[in-house]
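In: Requesting a structural model of the entry that follows:
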Amino acid sequence: MPQLKELFDRLDGLIQADAKSIQDVRRYLHAHPEPSGEETRTTAFIADQVESLGLNFRIGPDGRGLIVDFPGPNCKRYVALRADIDALRLQDEKTVSYRSRENNLMHACGHDAHTAMALGAIKALSKVPDALPEGIGWRCLFQPAEESATGAKDMISWNALDRVEAIVALHVDPALHAGQIGYREGSLTACCEEFEILVEGLGGHGARPHTTFDPIAAATQIVQTVYSVLPRSVDSRDPLVVSFGVIQGGINPNVIPESAQLRGTIRSTDSEHSRVAKQRIREVIDGVAQICQVRTSFSIAYSLPPVKNDPVLTGLCKSAVHDLVGDEGMVYVDKPSMGGEDFAWYLNECAGCMLRLGVGTPLKPVRHLHSSCFDVNESALPIGAKALTRSVVQIARHLENAD
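Out: Below is the predicted model of the structure:
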């Protein structure tokens, strides 16, 4: 079996030679985005790329998502890498040749880059069949519907983690420069829950509010009370974010409507804090309902656990990528993100690690994730593909030595 440095150099060389192709794939995907639940053309494009490599793959039962296997001889278990493939409903405001061609659809979270880097990684790995020890194969998951937080669970139900003992992923980070890789043990993202509150009252003429039970007045009271009560309901030293993103009610300025709807998110790195937040929100809406004489309901649309990086795997990934970016390129992530990531569902089933890949450019404004002007510094793409291959190889050798 090749020495580790020799193997890394060989894989790095293959990826570097393929850098233009990785960029081309990313640009094609950026120009042709599909939203969560509709990624059939994207899946077909990835399938064509994988088929050209002569690799075994299977497509999800509804034509979305792809699982690629490279078992190798006597394969008993796998190390997996994961890329998400869906886009956001957002208008692309950039002026570039690869700007989205779809109205109000855009890869604003880097999933096009994740997919391109994963394809580059497995292309290199497929050309070095002895990269992993005998008995250990690699598997690549091209996952749909990350933005709607349903895709990882779908992949698991399709047996994507069958015999998988470890899984790795990258997420682009525009706050880090290209050539930097961020790492963190333990909590990397927050527990994220989306909730909905329905307020039902009695509508009427805006000139005679005394004849109504105003759901908009109740809804605004709920928002104000939640924002004032929640910060004093948990330890102030621990992060808890509750935000309302949707308030809907009525269509005429002189008509008090029958109902109003609120939607928002709860984010915390502590599941107990999330439980307390939900309890307090219910208490608030019950109290407002009584005062304003309206009916209310509270429901959770979806819930994501936090991404918690396995300490051993994080150490292995750090070791694998250190000489790729050097001391100056390794950035410790001192605080978890309050964003959500459905990669967390995989970590309920096996050990895993998600690294952050810098895609920002020095002296240029940071265009954050989910921005209509979001873009990536494409010099980071081969670095990300190399980080994925190195991590898979390092973890596989660890599994062999641990037997």
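
In: Give the closest residue to residue 100 in space, chain neighbours not counted.
Out: Using Cβ to Cβ, 6 or more residues apart in numbering and skipping residues adjacent in sequence, the residue nearest residue 100 is residue 92, 3.8 Å away. Using the backbone N, CA and C atoms, a C-beta is placed for each residue, glycine as well.

In: Look up how far residue 107 lies from that neighbour.
Out: From residue 92 across to residue 107, the span is 8 Å (Cβ to Cβ, to the nearest Å).

In: before we move on, what about residue 301?
Out: Distance from residue 301 to residue 107, counting by Cβ to Cβ: 24 Å.

In: More neighbours: which of those two?
Out: Between residue 301 and residue 107, counted using other Cβ atoms under 10 Å, residue 107 has the larger neighbour count: 28 against 12.

In: Can you check the pLDDT for the more buried one?
Out: Among the per-residue scores, residue 107 holds a pLDDT of 98.

In: for residue 1, same thing?
Out: 64.

In: just the one 5 residues further on next, same as before
Out: The predicted structure scores residue 6 at 95 on the pLDDT scale.

In: Mind giving me the packing neighbours of the strand or helix carrying it?
Out: Using DSSP states H and E, residue 6 maps to helix 4-17. Packing partners of helix 4-17 (3 or more Cβ pairs under 8 Å, 6 or more residues apart in numbering; DSSP states H and E): helix 111-126, helix 311-325, helix 380-402.

In: Tabulate those (JSON lines), appending mean pLDDT.
Out: Output for the helices and strands packed on helix 4-17, formatted as JSON lines (pLDDT from 0 to 100):
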{"stretch": "helix 111-126", "mean pLDDT": "98"}
{"stretch": "helix 311-325", "mean pLDDT": "98"}
{"stretch": "helix 380-402", "mean pLDDT": "97"}
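
In: Figure out which of those helices is closest to residue 145.
Out: Closest approach to residue 145 among these (Cβ to Cβ): helix 111-126, 10.7 Å.

In: Can you tell me what sits against the helix or strand residue 274 falls within?
Out: When elements are assigned from DSSP H and E, residue 274 belongs to helix 271-292. The contact list for helix 271-292 (Cβ atoms under 8 Å, 6 or more residues apart in numbering) reads 191, 193, 195, 197, 199, 201, 213-214, 217-218, 221-222, 225-226, 229-230, 233-235, 238, 240, 242, 266, 268, 294-296, 298, 300, 305-306.

In: tell me which residues in stretch 367-384 are buried?
Out: Neighbour-count burial for stretch 367-384 flags 367, 369, 371, 374-378, 380-384 (criterion: 16 or more other Cβ atoms under 10 Å).
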